[in-house]
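Visitor: Give me coordinates for this.
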Amino acid sequence: MTQTPGVTAPDYDVSQPLDIDFAGAFADVTEDERAWQLAVRQFVQDEVLPVIDGYWERYEVPMDLVKRMAELDFLRDGVDVPGYPKISKMAEGLAAMEMSRGDGSVTTICGVQGGLALRSIVMLGSDEQIEKYAGPMARGEILGAFALTEPTHGSDSVGLETSAVKATRDGVEGYVINGEKKWIGFGSIGDITVVWARGEDGQVHGYIVPQDTPGYDAKTIEGKISLRAIHQAHIVLDDVFVPADSLLPKARSFKDTGRVLFATRLGVAWGAVGQAIACYEAAVAYSKQRTQFGRPLAASQMVQERLTKMLSVLTQMQLLVKQLTRLDEAGQLSGPQASLAKYTCTRGAREVAAIARDLLGGNGILLENRVARHFADIEALHTYEGTESMQALIIGREITGTSAFA
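Guide: Residues are numbered from 1 along each chain as shown. A predicted model of the protein is given here:
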């Protein structure tokens, strides 16, 4: 398009990666880890960024991207699956960072499919269950959901009320599940759901429930202004019968559920870093291209101060996730440390996004300039996998030795 200065709105290119690592946090990653990171970045640049705004605006799941992630082996979120190469925790984190730099919904798809549903089966399932589901889930042939949160049990999910009682139907021994779940990614458009329910022994157990099972009724939640390229569901389980071999045999209590969640918490922090990077990249690029008062915004002292603030916050986030990932690789990461990563990085991402939104002015609310989508999606990231308040209580208990949970 021919542009007339002062009349035609300029086109801004704010999508190019800057490979931000001001403090050299990732200077010592291995060649394989770096290659995995760059492979995800290439996928984001070539296939996610050109189309994701449309999916987000239409409130539509990008099933073509889901298929491509499976083909590229990005869908299992680093979970060990027989026949697939092992991925280090650092490579897994770098991949989450790069995927989130592209889009929060796409990263959440990986987190739901691989990090939660697939991990539950691989970590807590029987050999037969792993053989049946792991490969097909890694290939995207079976889409899975993870149903823990309930309409009245979010932060206090340990108090869930969904029940599972032993029963026999048509000569088949199994369980009847009753209850409700909410905010369940892929819960209405997937194939199976790992449902967490309280058994007759009072403990929480996991059950693999096909979504076409009679009594399983899932409706896509409407009206979201965040993570609009993945659907979450409100699920009603009304006398849902599953055979005995649907029980995850190693899911014996909520502590086992917590093991799955613990394994994903650093991934959420890495995702926050990626979304902050996207906002920072957009702000830097825009400040160099946008002219006001006869000069680029980048020549303004105020703008340079804001960019410096963003880089400062971002660098702290990078150093934190890198160090805690190394601890995780050594088997030394504690729950409170993982909580600190989530608490710090989602707070930091919110701050970076807010500065970027303001720096872009009116253009900051347009999807085409990236920041608005990340600005909204970070709000969901800030809440799921444990709200800021819950993480603070976990950390506070570690600091004081006193529990302040209500």
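Visitor: Wasn't Glu385 part of a helix?
Guide: No - counting by DSSP: H, G, I helix; E, B strand; the rest coil, Glu385 falls outside a helix, being coil.
Visitor: residues contacting it?
Guide: Glu385 is in contact with 261, 264-265, 268, 342, counting by CB atoms under 8 Å, 6 or more residues apart in numbering. Every C-beta, even on glycine, is put in place using the N, C-alpha and C of the backbone.
Visitor: swap in Pro296?
Guide: Contact analysis of Pro296 by CB under 8 Å, 6+ apart lists 287-290.
Visitor: Which of these are buried, as a ChimeraX select command?
Guide: Those of those that count as buried under 16 or more other CB atoms under 10 Å are selected in ChimeraX with:
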select :287,290
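Visitor: Mind checking which of the contacts of Pro296 are in helices?
Guide: Of the contacts of Pro296, the ones assigned to helices by DSSP state H are 287-289.
Visitor: which of the residues you listed lies closest to Gln316?
Guide: Distance to Gln316 across these (CB to CB) is lowest for Ser287, with 21.4 Å.
Visitor: neighbours around Leu65, how many?
Guide: 22 (other CB atoms under 10 Å).
Visitor: pLDDT value on the closest residue to Gly179 other than its chain neighbours, please?
Guide: Leaving out its chain neighbours, the residue that sits closest to Gly179 by CB to CB, 6 or more residues apart in numbering is Thr162, at 2.7 Å. With respect to pLDDT, Thr162 has a value of 96.
Visitor: repeat for Gly154
Guide: 70.
Visitor: Buried residues in stretch 61-79, which are they?
Guide: 61-62, 65-66, 68-70, 73-79.
Visitor: any idea where the helices of the stretch 201-350 of the chain begin and end?
Guide: Taking DSSP state H, counting those that start in this stretch to define them, one finds helices in the stretch 201-350 of the chain at 254-289, 301-329, 335-359.
Visitor: who wins for most neighbours among the contacts of Glu385?
Guide: Neighbour counts for the contacts of Glu385 peak at Lys342, which has 30 neighbours (criterion: other CB under 10 Å).
Visitor: OK, contacts around that one?
Guide: Contacts for Lys342 (CB under 8 Å, 6+ apart) come out as 265-266, 268-269, 272, 385-386, 391.
Visitor: any idea where the strands of the chain begin and end?
Guide: Taking DSSP state E to define them, one finds strands in the chain at 144-147, 163-169, 172-185, 192-198, 204-210, 216-220, 232-243, 291-292, 295-296.
Visitor: Can you list the helices and strands that the third one packs against?
Guide: Strand 172-185 sits against strand 144-147, strand 163-169, strand 192-198, strand 204-210, strand 232-243, with contacts defined as 3 or more CB pairs under 8 Å, 6 or more residues apart in numbering; DSSP states H and E.
Visitor: Give the rounded mean pLDDT of that strand.
Guide: Strand 172-185 carries an average pLDDT of 97.
Visitor: Sheet-wise, list the partners of that strand with their directions.
Guide: In the sheet, strand 172-185 lines up against strand 163-169 (antiparallel), strand 232-243 (antiparallel) (DSSP bridges).
Visitor: Format those as TSV; extra columns: distance to Ile121.
Guide: Below are these laid out as TSV (distance: least, CB to CB, whole Å):
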stretch	distance to Ile121
strand 163-169	17
strand 232-243	14
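Visitor: so what's the spatially closest residue to Glu368 that is not a sequence neighbour up against?
Guide: In space, and not counting its chain neighbours, Glu368 is closest to Asp53: 6.4 Å by CB to CB, 6+ apart. If you count contacts by CB under 8 Å, 6+ apart, Asp53 has them with 367-368, 373.
Visitor: From Ser105, how far out is Asp53?
Guide: Distance, Asp53 to Ser105, by CB to CB, to the nearest Å: 11 Å.
Visitor: so what sits against both of the two?
Guide: Residues touching both Asp53 and Ser105 (CB under 8 Å, 6+ apart): none.
Visitor: Surely Arg252 is in contact with Gln203?
Guide: Yes - between Arg252 and Gln203 there is a contact under CB atoms under 8 Å: 6.3 Å.
Visitor: Please say which of those two ends up with more neighbours.
Guide: Taking other CB under 10 Å, Arg252 and Gln203 do not tie; Arg252 has more neighbours (16 against 13).
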